[in-house]
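J.: With the input below, show me the fold.
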Amino acid sequence: MSEKGRRSSAMQVSSVVFIFSVLMSLWLLNTVLTQNKTMKELKSQDERLKTVSEKLNERRAAEEQYKSNMDMQVTSGISVVQEMETKVPELILTAEKTKTENNACQEILKTMKGELDSLQKEQTKSKGLMKNLPDAWKKEITNLKTQLLSRSPICDFVKNDPKAVELCGYKSSKL
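T.: The predicted structure follows:
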C-alpha cells in the first residue's frame, strides 16, 4: 500500500475512532444525565418517604399514648366496678328495708286517710247542724220571750192567791 493508502486508511481508522469516541461520549453523557435525573427522583422520593415516616412515627406515638390512656381508664373503671360490686349487697339490704318501711308508711297513711275522711264527714255534719242550730235557738228564744211576755194559763187558776196574783202580773182588786 502506498502512503496515500496508508493515510487514507489511518484517516479512516481515526475517523472511525473519532466517531466511536463521539458516540461513546454521547452515550456516557446520556447515561450521566439519566442517572442525574434518577438521583433527583430518588432524592424527592426519599424526602417524601421521610415525611411519611415522620407522620407515621407521630401517629404511632399518638396511638401508643391513646392506648396507654385507654388502659389506664379500663384499669380505673375495673377498680370502680369492683368497689361498687362490694357495696351492692349493702344497698340491696337498704333498699329492702326502705321498701318495707315505705309499705308500712303506706298502710299507716291509708288508715289515717280513712280516719281523716270519717272526721271530715263528721265535721261536715257538725257544720250543718251548727249552721241550723242558731236558727233553732233564735226561734226558741223568740218563743220563750213570747211565753214570758204573755200570761201563763196557770195564772187563771191561781187568781185567789195574792202571791200568785203578784207573780202573774195581775193587779189586786183588793187594794
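J.: what sits against Asp71?
T.: Not one residue lies near Asp71 by C-beta atoms under 8 Å, 6 or more residues apart in numbering. The C-beta positions use only the backbone N, C-alpha and C, and glycine is treated the same way.
J.: Remind me which helix or strand it belongs to.
T.: helix 3-149 (DSSP states H and E).
J.: Packing partners of the helix or strand following that helix?
T.: Following helix 3-149 in sequence order, the next helix or strand is helix 162-168 (DSSP H and E). Helices and strands touching helix 162-168, as assessed by 3 or more C-beta pairs under 8 Å, 6 or more residues apart in numbering; DSSP states H and E, are absent.
J.: Return the distance of helix 162-168 from the chain's centre.
T.: The chain centroid and the centroid of helix 162-168 are separated by 94 Å under C-alpha atoms, centre = their mean, to the nearest Å.
J.: next one: stretch 98-116
T.: For stretch 98-116, the distance to the chain centre is 31 Å (C-alpha atoms, centre = their mean).
J.: mind saving the C-alpha coords of the lowest-mean-pLDDT helix or strand in the chain as CSV?
T.: Across the helices and strands of the chain, mean pLDDT, DSSP states H and E gives its lowest value to helix 162-168, namely a mean of 72. Presented in CSV, the C-alpha positions along helix 162-168 are these (Å, rounded to 0.1, in the frame of the first residue of the first chain):
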residue,chain,number,x,y,z
PRO,A,162,-152.3,37.0,146.4
LYS,A,163,-148.7,35.9,145.9
ALA,A,164,-149.6,34.2,142.6
VAL,A,165,-151.5,37.2,141.5
GLU,A,166,-148.5,39.3,142.0
LEU,A,167,-146.3,36.9,140.1
CYS,A,168,-148.8,36.6,137.2
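J.: Low-confidence ranges, the chain, go.
T.: 1-7, 151, 159, 165, 169-175 (pLDDT under 70).
J.: if we go to 90?
T.: 1-16, 84-85, 87-88, 91, 119, 122-175 (pLDDT under 90).
J.: residues near Val158, how many?
T.: The number of residues packed near Val158 is 15, by other C-beta atoms under 10 Å.
J.: now the one 4 residues further on
T.: Burial of Pro162 is recorded as 13 neighbouring residues (other C-beta under 10 Å).
J.: now it: how far from Cys168?
T.: For Pro162, the distance to Cys168 (C-beta to C-beta, to the nearest Å) stands at 11 Å.
J.: Over to Gln65?
T.: Look at Gln65 and Cys168: by C-beta to C-beta, they are 122 Å apart.
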